[in-house]
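1. please find the sequence and the predicted model below.
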Amino acid sequence: MELELQKGSRSKILAAFMFGVILLFAVRLFYLQIIQHDYYVGVAKSEQVKRLKIPAKRGLIYALNGELPVPLVMNQTIYTVFADPQTVVDDEKIIDVIRKVAGGNARSNLQALLDKKASRYQILATKITRVQADKIKSENLRGIGFQEGAQRVYPEATLASQVLGFVNDAGDGQYGIEGGQNDRLVGQDGLLQSVTDVRDVPLTIGDNNINKPAIDGENIVLSIDTNIQSKVEQALVDGAKRIGATEVSAIVMDPQSGKVLAMANFPSYNPAEFNKVEDASVFNNNVISLPYEPASVMKTFTMATGIDKGAISPSSTYYNNDFIVVDDKIINNASKGKTGVLDFQTVLNWSLNTGSVTVFQRLGDGQNITRGAREIIYDYFYNRFRLGQKTGIELANESSGIIVSPDKVEGNAVRYSNMSFGQGLDVTMLQTASAFSSIVNGGTYYKPTIIAGTIDKSGDFIKNEATALSSPISKSTADQVRTMTHKTRIWNSSKIDKPGYYIGGKTGTAEVLVDGTYSNDGGAVGSYLGYGGSEELSRYVIMVRAANYGKVFRGAQEAGPIFTDISNWMIDYLKLQPKG
Amino acid sequence: MSYQRTQNFVSRRQQNWSRNQNTVAFVSAIKLGPVTHTVLIALMITVLGLIYLTQATKATGYDYATQKIDSQIAELNIQKSDLEVENARLTALETIKSSNVATTMTTPASTDYIR
């Protein structure tokens, strides 16, 4: 029997009604599930799927203790303690615990912070250590939470601070190696994308999970030797105190590789408390960032240029009048009274400006620093010795300095005559010491570097090789100039060096420009550039610069003793055996 | 009037198949109706669902275990880093220089060299 609803019956109306409702549901579901599909999938993902950043660890910075890498900059996990004022129940206990454990890192107005009931996040203490955080956690304080972070710590405190630089609150390296090698140190953050539960615990369910591990920054080993660095810093502090200097800088290099063994400035600062520094100029590393006129230390390069071109030899002579005329300018000697026929060894010993100008004149027609002579000088100073240009050292804020080209109007004979004794040009101490190293080592210019290598994931020290860039002068020239500076050192500073070693150097006293004129009124900057080791092999090059603007600091009297202090110590430290 | 069959007809094929066997056709006395079938299917689906849920929960349980181990590893790494920092501080040049041993050291009056 066929079941059939009667037309117009209540059952038929109910069936029609139900059909209508079901149709409505179907249409609505179609709209939600088909048309609005992507929207709701997105909403669901945003609720369920979390993208968590896996922070990369910033690379560590090491220095060398002899041959062994020792950490100078490390990372330490720190915590920020925060409160949810709506949840906390025992204000007094919280304040007591936080003050007792966090000490100076706690906020001073804790009660006021906890009273902000409209807020759900108030920071109570910052930069507390793991041990401190554990102590607070053990108190089981309700409404208290912890945020993990990292900070740079400096086991050697202020050692090499201007070489290191610091990391600012945004996590960016500033100054020094932190700034110069930020890209290598910073690493690459990883990504964890996953469905999480209500406590943000990542779950493996879901098909769009991403787990990209973080790539930690490189661990860099500096060529700085902590013992030498410490000695140099102490020598600068002692020296500055002794001579009343406001600025003293020094660099120690290995002339056989171009590696920087120490680089220091006075005054210095504590990188862990960089935000407490009042004078930002203390962040600068004057060894690489402050071009200056080094004065007579440049005479070593003048002699090298003259000898290499065959214009002079250490024993060739000229007549010294204590003054020399270049175009319309008269150039005087700083040391007067040694008139007559002199050889160029004596020029270096007495640091005679007339002699160094004569060298440049002999590169021309013998009477004038001709255009041809200026081109030769520029080639040697700029192209060969690489003065007046960045060395490419791995530190931030290196300055280039200036060597004026003869192509420019300012590159005239008067300027070049001044350049012969270290004025009318701007060079950094690093450029000067690197170029001088090429004289000391027999004629090879090594690219100056402050990175000795890296430490890989397995903890092995991967050493960098020294990079020889060019040969600015012949070995014969280099040896002659090295001997000249050794004789100059003996002539000027006998009995202050340890006996049995081969030490050489040259002083520099640079008058400071005041209103466009060189004058002692502005004071003078004293420099000393020298080397030490055995006759066969120089083991170190040291350059010192001392200044107190307004006071006259001479190379021999103010900078020289600091060189001697470091040099004599280096002989002991390197365990060099004396000759004879 | 009805006729009763006195001999059942068995085909040759059936005779061959059953020659060496005692075939018994079992027919249950319990008859399942459509409602029972529906309930049973629903139960089977429920059991399958429970199995799925158990496995999914088990996987999530592993996630929690993994998370716990990861946290422990992270905590131990932090402790290791702290110890490394402490070690570096204790062996730092500045610490050694200001140690009692270092402060009582004196400069040798003379130095000789083995030749």
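-> Thanks, I have the structure now.

2. where does the prediction get shaky in the chain?
-> Here I'm looking at chain A. For chain A, the stretches with pLDDT under 70 are A:1-5, A:520.

3. that's the wrong chain, I meant chain B
-> Scanning chain B for pLDDT under 70 picks out the ranges B:1-25, B:113-115.

4. most proximal residue of it with respect to chain A?
-> At 3.6 Å from chain A, residue B:88 is the closest residue in chain B, using C-beta to the nearest C-beta. To be clear about C-beta, it is placed using only N, CA and C from the backbone, and glycine gets the same treatment.

5. okay, and that residue sits in which element?
-> Element membership for residue B:88 (DSSP states H and E) is helix B:34-90.

6. give me the distance from stretch A:149-159 to the chain's centre.
-> Relative to its chain's centre, stretch A:149-159 lies at 16 Å (C-alpha atoms, centre = their mean, to the nearest Å).

7. actually, stretch A:449-468.
-> 17 Å.

8. how about stretch A:348-359?
-> Once both centres are worked out by C-alpha atoms, centre = their mean, stretch A:348-359 turns out to sit 36 Å from its chain's centre.

9. can you check stretch A:33-40 too?
-> Averaging C-alpha positions (C-alpha atoms, centre = their mean) puts stretch A:33-40 56 Å from its chain's average.

10. measure the residue nearest to the spatial centre of chain A to chain B for me?
-> Central residue of chain A (C-alpha atoms, centre = their mean): residue A:176, 1.9 Å from the mean position. Distance, residue A:176 to chain B, by C-beta to the nearest C-beta, to the nearest Å: 19 Å.

11. tell me the contacts of that residue?
-> Residue A:176 is in contact with A:161-166, A:285, A:395-396, counting by C-beta atoms under 8 Å, 6 or more residues apart in numbering or on different chains.

12. tell me the SS of residue A:78?
-> strand (DSSP: H, G, I helix; E, B strand; the rest coil).

13. isn't it right up against residue A:149?
-> Yes: shown here, residue A:78 and residue A:149 form a contact pair, counting by C-beta atoms under 8 Å, at 5.3 Å.

14. out of the two, which sits in the busier spot?
-> The residue with more neighbours, out of residue A:78 and residue A:149, is residue A:78; 19 against 14, by other C-beta atoms under 10 Å in any protein chain shown.

15. for the nearest residue to residue A:332 once chain neighbours are set aside, give me its contacts.
-> Setting aside the residues directly before and after it, residue A:332 is nearest to residue A:323 in space (C-beta to C-beta, 6 or more residues apart in numbering or on different chains), at 4.9 Å. Neighbouring residues of residue A:323 by C-beta under 8 Å, 6+ apart: A:330-333, A:354.

16. which of the residues you listed sits closest to chain B?
-> Nearest member of these to chain B, counting by C-beta to the nearest C-beta, is residue A:333, at 41.0 Å.

17. run a quick neighbour tally on that closest one.
-> For residue A:333, the neighbour count with other C-beta under 10 Å is 22.

18. gap between it and residue A:493?
-> For residue A:333, the distance to residue A:493 equals 20 Å [C-beta to C-beta, to the nearest Å].

19. same check, this time on residue B:29
-> The gap separating residue B:29 from residue A:493 is 125 Å, by C-beta to C-beta.

20. of these two, who's got more company?
-> residue A:493 (19 against 4).

21. and the gap between the nearest residue to that one once chain neighbours are set aside and chain B?
-> The shortest distance from residue A:493 to any non-neighbouring residue, by C-beta to C-beta, 6+ apart, is to residue A:560 (6.5 Å). Separation of residue A:560 from chain B (C-beta to the nearest C-beta) stands at 22 Å.

22. which of the residues in the helix or strand where residue A:560 lies are buried?
-> According to DSSP H and E, residue A:560 maps onto helix A:560-573. The neighbour-count check on helix A:560-573 (16 or more other C-beta atoms under 10 Å in any protein chain shown) flags A:560-571, A:573 as buried.

23. next one: stretch B:52-61
-> Neighbour counts over stretch B:52-61 (16+ other C-beta under 10 Å) mark residue B:60 as buried.

24. likewise for stretch A:497-508?
-> Per 16+ other C-beta under 10 Å, stretch A:497-508 contains these buried residues: A:497-498, A:501-508.

25. of those, which pair is most distant in space?
-> A:498 and A:508 (23.5 Å; C-beta to C-beta).

26. name the residue of chain A that lies nearest to chain B.
-> Going by C-beta to the nearest C-beta, chain B is nearest to residue A:155 of chain A, at 3.6 Å.

27. checking that residue next. Helix, strand or coil?
-> For residue A:155, the secondary-structure state derived from three-state DSSP is coil.

28. what's the distance between it and residue B:94?
-> Separation of residue A:155 from residue B:94 (C-beta to C-beta) stands at 8 Å.

29. which other helices and strands contact the helix holding residue A:560?
-> Applying 3 or more C-beta pairs under 8 Å, 6 or more residues apart in numbering or on different chains; DSSP states H and E, we find helix A:560-573 packed against helix A:226-243, strand A:247-254, helix A:475-493, strand A:504-514, strand A:517-533, strand A:538-547.

30. among those, which is the most enclosed?
-> With neighbours taken as mean count of other C-beta atoms under 10 Å in any protein chain shown, the helices and strands packed on helix A:560-573 reach their highest mean count in strand A:538-547, at a mean of 28.

31. which strands and helices sit next to that one?
-> Packed next to strand A:538-547, using 3+ C-beta pairs under 8 Å, 6+ apart, are helix A:226-243, strand A:247-254, helix A:429-440, strand A:517-533, helix A:560-573.

32. what does chain A have sitting close to chain B?
-> By the rule C-beta under 8 Å from any C-beta of the partner chain, the part of chain A lying against chain B is A:65, A:70-71, A:74-77, A:129-131, A:153, A:155-157, A:159, A:197, A:201-205, A:226-227, A:230, A:572, A:577-578.

33. please indicate which of these are buried?
-> A:70-71, A:74-77, A:129-130, A:153, A:155-156, A:159, A:201-203, A:226-227, A:230.

34. and the residue of chain A closest to chain B, what is it in contact with?
-> Here residue A:155 is in contact with A:71-72, A:74, B:85, B:88-89, B:91-92 (C-beta under 8 Å, 6+ apart).

35. so what's the closest residue to it other than its chain neighbours up against?
-> Using C-beta to C-beta, 6+ apart and skipping residues adjacent in sequence, the residue nearest residue A:155 is residue B:88, 3.6 Å away. By C-beta under 8 Å, 6+ apart, the contact list for residue B:88 reads A:70-71, A:74, A:155.

36. what's the answer for residue A:204, then?
-> A:194, B:59-60, B:62-63.

37. tell me the SS of residue A:108?
-> Classification of residue A:108 by three-state DSSP places it in coil.
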